[in-house]
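> Give me a 3D structure for the following:
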Amino acid sequence: NSQATDLVLPEGRFDRYYFALGSDEYEFTEASLTNGPALNEHAIINVLPPGYELEVEDQFETGIEVPTFPYGGLMMQFGPGTDLSELGAKAECEFSVAKK
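Presented below is the predicted three-dimensional model:
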């Protein structure tokens, strides 16, 4: 992460990652973290419903398009206390999809 300033995320900081499902034939039904205990202790993962939209304000009026999730997706967040100092650490999850 080129913007990283702390190897251990301080209070009030988090890293959040979004993954979009690319098909309207399936939907995410569940997801769970499979990282090691050090990452999982301060992490969450959520299934996003179809049609989910990020609420992001374009503070600099750049006209940037906010990603949408017409078919749903996943959101993985690492919160305060997350230790990113371990070289080779991976953020991983398992998920299930079902045909609609």
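
> so what's Glu27 bridging to?
According to DSSP bridges, the partner residues bridging Glu27 are Ala98.

> again with the one 5 residues further on
As for beta bridges, Ser32 partners with Glu94 under DSSP bridges.

> Run a quick check on it versus Glu94, I expect a contact.
Yes: at 5.5 Å, Ser32 counts as touching Glu94 under the criterion of Cβ atoms under 8 Å. Every C-beta, even on glycine, is put in place using the N, C-alpha and C of the backbone.

> How many neighbouring residues does the closest residue to Ile64 other than its chain neighbours have?
The shortest distance from Ile64 to any non-neighbouring residue, by Cβ to Cβ, 6 or more residues apart in numbering, is to Asp58 (6.0 Å). A count of nearby residues for Asp58, using other Cβ atoms under 10 Å, gives 10.

> With Tyr26 as the reference, measure out to Phe95.
11 Å (Cβ to Cβ, to the nearest Å).

> just the helices in the chain please.
Under the criterion DSSP state H, the chain contains helices at 37-40.

> pLDDT-wise, which helix or strand of it ranks last?
helix 37-40 (a mean of 79; mean pLDDT, DSSP states H and E).

> Contacts for it next, please.
The contact list for helix 37-40 (Cβ atoms under 8 Å, 6 or more residues apart in numbering) reads Leu33, Phe78, Thr82, Asp83, Glu86, Ala89, Ala91.

> got it, and stretch 57-76?
Here stretch 57-76 has contacts from 16-24, 26-28, 31, 33, 43-54, 56, 91, 93, 95, using Cβ under 8 Å, 6+ apart.
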